[in-house]
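Asks: build me a model from this:
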Amino acid sequence: MAKTLIVFASKQEFQFFFKNISSVVASSTPAMVNPSVDVAIAGVGIVDFSANLARFLSLKKYNRAFLLGICGAYPNSGLQVGSVVRIDTEVVADMGAQSREGHFIPWGTLVSKETRYSGASIRDLPLCLLDAPGVAGGTVNCCTGTQYLGNRRESLFQIQVESMEGAAFFAVCKNFGVSGYQFRAVSNIATDRDETSWDIPRALSALKQSVLDQLF
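Replies: The predicted structure is shown next:
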């Protein structure tokens, strides 16, 4: 039987969907929803997420994995709060070095090498999950808090959204030979930080309707 892992970064995201499953349990080991689907919480940020996802994938054999969560959309992406997207590629958008003049130098420029991480082919996704537009994402350790930084990251890497785990998810899935797919809903615009404009419940509700409900 094909086995699927649905993974979340935060307890807040997980508990919105699975109120009857202990977040403590799901943080330590994948919890079974039905014989073909497990769910888990891998932690926020590249380091914790990578370590925990690798541990989960070493415990059981999975054919595919889905990362579900929220994201910020860049100002010129055309996306709105509540938009659901499929993220097909990721770049670590704050990895690099600083020049002596204070300018940011992306890691790809330093090593003269492509630094994108990709998900599995969408040809293997069910038709009901192909409605979400495919976008490019940026994985960051420090979320955007100014319009300048949002515009800079968007133009520098040609990305539409940002999160804190996407590149880690694709990299770990590839190393374990697991087909990885990432879907997120926009909770905020990645510009001047204003938490009053965020709408996490709306984003998660849209994600549930468009993606999670289609997986069961």
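
Asks: what is the rounded mean pLDDT of stretch 139-152?
Replies: Mean pLDDT, taken over the full extent of stretch 139-152, equals 96.

Asks: please work out which residues outside the one helix or strand F49 maps to touch it.
Replies: Secondary structure assignment for F49, by DSSP states H and E: helix 46-59. When contacts are taken as CB atoms under 8 Å, 6 or more residues apart in numbering, the neighbours of helix 46-59 outside the stretch itself are 5, 7, 9, 27, 29-30, 40-43, 65, 92, 139, 141, 164-165, 167-169, 171-173, 175-176, 178. C-betas here are computed from N, CA, C, even on glycine.

Asks: buried only: go through those residues for me.
Replies: By neighbour count, with 16 or more other CB atoms under 10 Å, the contacts of helix 46-59 hold 5, 7, 9, 27, 30, 40-43, 65, 92, 139, 164-165, 167-169, 171-173, 176, 178 as buried.

Asks: poorly predicted segments of the chain, please.
Replies: Residue ranges of the chain with pLDDT under 70: 1.

Asks: strands of that one, residue ranges please.
Replies: Secondary structure of the chain, counting by DSSP state E: strands at 4-8, 31-34, 37-41, 64-73, 84-92, 96-98, 104-106, 117-118, 134-139, 161-163, 179-189.

Asks: can I get those strands in a markdown table with distance to F216?
Replies: Output for these, formatted as a markdown table (distance: least, CB to CB, whole Å):
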| stretch | distance to F216 |
| --- | --- |
| strand 4-8 | 10 |
| strand 31-34 | 7 |
| strand 37-41 | 7 |
| strand 64-73 | 12 |
| strand 84-92 | 17 |
| strand 96-98 | 41 |
| strand 104-106 | 40 |
| strand 117-118 | 26 |
| strand 134-139 | 23 |
| strand 161-163 | 24 |
| strand 179-189 | 14 |
